[in-house]
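Engineer: A predicted structure for the sequence below; I have some questions about it.
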Amino acid sequence: MSLLERIDAASEPEIEQGKRLIRANDHGGPSLGNRMARGWNRWSWRMPLGRRLTIKLATVPKDPVAGDKTVGEALLHGHVVHGSEQLDLDSLDFARADLSPPMFDYLHSFAWLRDLAAAATREKGGRLAEKLLHHWLDACAADPDQPSWRSELWGRRILFWTAYAPFILSSRDAAYRSALLTALARGARYVDRRADRAAAGVARITAWSGVVAAALLLEGGIVRYGRAEGGLLRALGEALHEDGGLVSRSPDEQLALVELLCQLRAIYIAGRRQMPERLQDALSGSVGALLGATLGDEALSSWQGGNMLSQRRLAAAIEGSGVPARPLRQPSGWGYQRLTARSAIVILDGAPPPPSRLFAGGCASTLAFEFSDGLSRLVVNCGGVGPWTGKLSPELAHALRFTAAHSTLTLGDRNSTAILDDGRLGKGVRQVEIVRDETGGTARIEGSHDGYVQRFGFTHQRLLNLGADGRELKGEDHLLSRRRKWRGDPIPFAARFHLGPGIEAATTADGQGALLRVRGGNAWQFRCRGGKLDVEDSLWVDGTGRPRGTSQLVISGEAPPEGLALSWLFQRAA
C-alpha cells in the first residue's frame with residue numbers, strides 16, 4: 001500500500017448527518033480520555049528524540065508551484081543545476097562547506113524536489129530522492145550546529161519534505177522511513193524554538209511557515225498551531241507594507257514570498273483549516289506587487305540588487321497562486337510606480353531605499369526607471385547578482401548599488417543615498433513625493449526626492465509622460481535650488497539611461513540625439529536638451545547573475561547655483 005493509500009486508510013471516515021453521537025448541554029469539559037490524549041500529543045511534540053515515539057504524517061499537501069522540468073531532467077542525468085552552477089551527483093557531499101550560498105540553500109532546502117517531480121514519475125524520481133535523503137540524513141541529521149540547521153532552511157525543508165512525501169517516503173526500508181520522520185519532527189521542534197531568531201523578512205516568514213506546516217501535517221502537532229500561526233502573522237506584519245510589497249522592496253524576495261504563500265495555502269487546504277484572512281490578503285497583495293514590478297517580457301525589472309530571474313519561475317508562481325490579481329500601479333510602501341500604454345511599460349522607483357536593518361543590499365535608485373516596448377527592454381538598470389551570490393566580484397556587486405548604475409540623474413558624482421564601505425546605507429533620501437495624473441490621454445508621473453538637499457542644496461524632480469499609444473516617452477529632470485544663497489562652483493551632473501541588451505546606439509550629427517536599433521524590435525530615437533549627449537559603455541546583469549556588455553546614453557553638464565532643467569524624449573521611429 002502506498003503512502004497516500006495508508007494516509008487515506010488511516011483518516012477518519014465521514015459520518016452521515018444524523019449518525020454522529022453528540023453530547024448535549026455538557027458543561028463538564030472534555031472527557032478524561034480526551035484530556036489524556038491531548039496531554040500525550042503536547043508532550044510528544046516537545047519531547048526529545050526517542051526511539052519508541054511513532055511519528056506520522058496526518059496528510060500530504062500538493063505543491064501548487066510547478067518545478068523546472070529541464071532542471072529535473074538534469075538531476076535524473078546526474079547533475080544538480082542551479083542558475084549557472086552545476087554539480088555532479090556522484091561527488092555530492094552534503095557536508096561540503098565550500099558550496100556557494102545559493103547552491104547550498106537549494107540543496108539543503110530540498111527545493112530540487114519540485115524540479116525533480118516536474119520531470120519524473122514517483123517511482124523513477126523517488127529512487128533518486130531517497131538516495132539523496134539517505135546521504136543528507138547521514139551527513140546532517142544529527143548535528144544541529146551545522147549551517148544546514150538554519151531556521152529558514154528547516155522551514156523550507158519541512159514544506160518540501162511534506163509536499164513530496166510520496167517521493168521520499170515510499171521506500172520499504174522501515175529504518176530509513178523512521179529516520180526521516182524523526183528528523184522531520186526534530187527539525188520542527190528546533191525551528192519552533194528558534195523561528196524568531198531568523199532574519200526579519202522572508203527568512204523569518206519561511207521559518208514560521210515550517211512550524212505551521214508541522215502543526216497542521218504531523219500527528220500531534222495541532223497543539224502548537226496557535227503559537228505557530230501567531231508567529232507567522234507577526235513575521236508577515238513586520239515584513240509587509242499594507243500594499244502587499246515587502247519592506248525590503250526586493251522583487252527577488254517578493255517572488256520567493258509568493259511561492260511560499262502558495263505552499264502555505266495548500267497546507268491549510270490539506271490540513272482542512274480555513275486560511276486566516278490576513279494570510280489570504282497577504283497572498284493577494286503580494287501577487288499584485290510582484291506583477292507591478294514586471295516588464296513587457298513578463299520577467300522582473302531590476303531593483304535592489306536583483307535581476308530579471310527566470311520567466312518560467314515567475315509564471316509558475318503566478319499560476320500557482322490562483323490569484324486573479326492585477327499589477328499594482330500606485331503603491332505606497334512598495335514604491336514601484338507603473339505606467340502602461342499599449343505595448344509600453346514604465347516602472348519608476350518612487351520610494352526611499354529600504355532600511356539597512358531589514359535588507360542588506362539596498363540601492364540608491366530613487367527616481368530611476370525602466371522602460372520596455374513589447375518584449376524589448378529599452379531602458380534598464382544595471383541590475384545585480386540577486387540570489388546568485390558569488391557571480392560578481394565584491395567590488396562590482398558593491399558598485400551596482402550606486403545611483404550611477406541606475407537610469408536616473410546623479411549630482412556631483414555622488415549617490416542620492418550614501419552607501420557606506422560596510423554595505424549599510426547612510427544619509428540621503430528621506431522623503432519622496434509622487435503625483436500621478438492619467439487624464440487627457442497620457443499617463444504622467446511627477447516625483448521628487450531630497451537626497452541631494454543636505455550636500456548640494458538641490459531637490460531632484462523628475463517628470464515622465466507616456467503617450468496613450470505607447471510610442472512616446474517624454475521626460476524632464478529638474479534640479480530645484482533650496483538655498484537662498486549659493487556661492488559654490490557649478491556642480492557636475494549626469495543623467496544616465498542604461499540601454500537593454502541587444503540595443504545599438506549611435507549619436508546624431510548635432511550631438512543632441514541618438515538612433516536606437518533594437519534587435520528583434522522596433523527602432524527608437526532619442527532627443528535631449530540641456531546638456532551634452534554621449535554614448536558610453538555599460539553592463540546589464542542577466543537572470544543568472546552574469547554581466548553582459550551594453551551601452552548607456554549620458555546627458556552631462558554642470559548645474560549652476562540657480563538650478564537646472566533637462567528635457568528628453570524617447571520616440572518610436574516607425
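Structural biologist: Arrived safely.
Engineer: for the closest residue to residue 376 other than its chain neighbours, give its distance to residue 393.
Structural biologist: Leaving aside its chain neighbours, residue 376 sits nearest to residue 521 (3.5 Å; criterion: C-beta to C-beta, 6 or more residues apart in numbering). For every residue, glycine as well, the C-beta is placed using N, CA and C. Distance of residue 521 to residue 393, given as C-beta to C-beta, to the nearest Å: 32 Å.
Engineer: residue 231 too?
Structural biologist: Where residue 393 is concerned, residue 231 sits at a distance of 38 Å (C-beta to C-beta).
Engineer: more neighbours, these two?
Structural biologist: residue 231 (21 against 11; other C-beta atoms under 10 Å).
Engineer: now for the nearest residue to residue 269 once chain neighbours are set aside: which residues touch it?
Structural biologist: Distances taken as C-beta to C-beta, 6+ apart put residue 61 closest to residue 269, at 6.9 Å, once the chain neighbours are dropped. Residue 61 makes contacts with 162-163, 213, 217, 263, 266-267, 269-271, as judged by C-beta atoms under 8 Å, 6 or more residues apart in numbering.
Engineer: and with 10 Å instead?
Structural biologist: Counting by C-beta atoms under 10 Å, 6 or more residues apart in numbering, residue 61 touches 159, 162-165, 213, 216-217, 263-271.
Engineer: narrow those to those in helices?
Structural biologist: 159, 162-163, 165, 213, 216-217, 263-270 (DSSP state H).
Engineer: what ranges do the strands span in the stretch 451-574 of the chain?
Structural biologist: Assigned by DSSP state E, counting those that start in this stretch, the stretch 451-574 of the chain shows strands spanning 458-466, 472-481, 491-499, 503-507, 513-518, 524-529, 532-541, 547-559, 563-572.
Engineer: dump these to CSV, plus mean neighbour count and distance to residue 76.
Structural biologist: Formatted as CSV, these follow (neighbours: other C-beta atoms under 10 Å; distance: least, C-beta to C-beta, whole Å):
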stretch, mean neighbour count, distance to residue 76
strand 458-466, 21, 47
strand 472-481, 20, 47
strand 491-499, 23, 40
strand 503-507, 16, 39
strand 513-518, 20, 39
strand 524-529, 20, 45
strand 532-541, 18, 30
strand 547-559, 18, 31
strand 563-572, 19, 46
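Engineer: right, so of these, which gets closest to residue 178?
Structural biologist: Of all those, strand 532-541 sits nearest to residue 178, with 46.0 Å by C-beta to C-beta.
Engineer: I'd guess the residue nearest to residue 269 is in a strand, am I close?
Structural biologist: No. Counting by DSSP: H, G, I helix; E, B strand; the rest coil, residue 61 is not part of a strand but coil.
Engineer: so where's the stretch 251-400 of the chain shaky on pLDDT?
Structural biologist: 390 (pLDDT under 70).
Engineer: re earlier: tell me how far the residue nearest to residue 269 lies from residue 257.
Structural biologist: Distance from residue 61 to residue 257, by C-beta to C-beta: 18 Å.
Engineer: name the element the residue nearest to residue 158 when sequence neighbours are not counted belongs to?
Structural biologist: What sits nearest to residue 158 in space, not counting adjacent residues and going by C-beta to C-beta, 6+ apart, is residue 210, at 3.8 Å. Using DSSP states H and E, residue 210 maps to helix 202-217.
Engineer: for the following helix or strand past that helix, buried residues please.
Structural biologist: For helix 202-217, the succeeding helix or strand toward the C-terminus, using DSSP H and E, is helix 225-239. Neighbour counts over helix 225-239 (16 or more other C-beta atoms under 10 Å) mark 225, 228-229, 231-233, 235-236, 239 as buried.
Engineer: make TSV out of the strands of the stretch 451-574 of the chain and add distance to residue 373 and mean pLDDT.
Structural biologist: Listed next are these as TSV, based on distance: least, C-beta to C-beta, whole Å; pLDDT from 0 to 100:
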stretch	distance to residue 373	mean pLDDT
strand 458-466	11	98
strand 472-481	9	97
strand 491-499	12	98
strand 503-507	11	96
strand 513-518	8	97
strand 524-529	7	98
strand 532-541	16	97
strand 547-559	16	97
strand 563-572	7	97
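Engineer: dump the ones you listed into TSV; add distance to residue 402 as well.
Structural biologist: TSV is the format used below for the strands of the stretch 451-574 of the chain (distance: least, C-beta to C-beta, whole Å):
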stretch	distance to residue 402
strand 458-466	15
strand 472-481	18
strand 491-499	11
strand 503-507	22
strand 513-518	23
strand 524-529	22
strand 532-541	13
strand 547-559	13
strand 563-572	20
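Engineer: closest one to residue 194 among the ones you listed?
Structural biologist: Across these, closest to residue 194 is strand 532-541 (C-beta to C-beta), at 33.9 Å.
Engineer: what strands flank the closest one, and is each parallel or antiparallel?
Structural biologist: Sheet pairing of strand 532-541 (DSSP bridges) gives strand 547-559 (antiparallel).
Engineer: what pLDDT does the model give residue 144?
Structural biologist: For residue 144, the pLDDT comes out at 95.
Engineer: count the neighbours of the closest residue to residue 454 other than its chain neighbours for me.
Structural biologist: Excluding its sequence neighbours, the residue lying closest to residue 454 (C-beta to C-beta, 6+ apart) is residue 427, at 6.6 Å. Number of residues near residue 427 (other C-beta under 10 Å) recorded here: 11.
Engineer: likewise residue 154?
Structural biologist: Residue 154, neighbours per other C-beta under 10 Å, totals 31.
Engineer: ok so, going back, same list, the buried residues of helix 225-239, but as JSON lines with distance to residue 565 and pLDDT please.
Structural biologist: As requested, these are arranged in JSON lines below (distance: C-beta to C-beta, whole Å; pLDDT from 0 to 100):
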{"residue": "225", "distance to residue 565": "60", "pLDDT": "94"}
{"residue": "228", "distance to residue 565": "56", "pLDDT": "97"}
{"residue": "229", "distance to residue 565": "54", "pLDDT": "97"}
{"residue": "231", "distance to residue 565": "52", "pLDDT": "98"}
{"residue": "232", "distance to residue 565": "50", "pLDDT": "98"}
{"residue": "233", "distance to residue 565": "49", "pLDDT": "98"}
{"residue": "235", "distance to residue 565": "46", "pLDDT": "98"}
{"residue": "236", "distance to residue 565": "44", "pLDDT": "97"}
{"residue": "239", "distance to residue 565": "40", "pLDDT": "97"}
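Engineer: what's the closest of the residues you listed to residue 450?
Structural biologist: residue 239 (26.3 Å).
Engineer: mind checking pLDDT for the closest residue to the closest one other than its chain neighbours?
Structural biologist: Of all residues not flanking residue 239 in the chain, residue 201 sits nearest, at 4.7 Å (C-beta to C-beta, 6+ apart). You'll see residue 201 listed with a pLDDT of 96.
Engineer: for the residue nearest the centre of the chain, what are its contacts?
Structural biologist: Note on the chain: the residue nearest the mean C-alpha position is residue 253, at 2.0 Å, using C-alpha atoms, centre = their mean. Going by C-beta under 10 Å, 6+ apart, residue 253 touches 201-203, 205, 239, 245-247, 304, 306, 359, 361, 386-387.
Engineer: all set, thanks.
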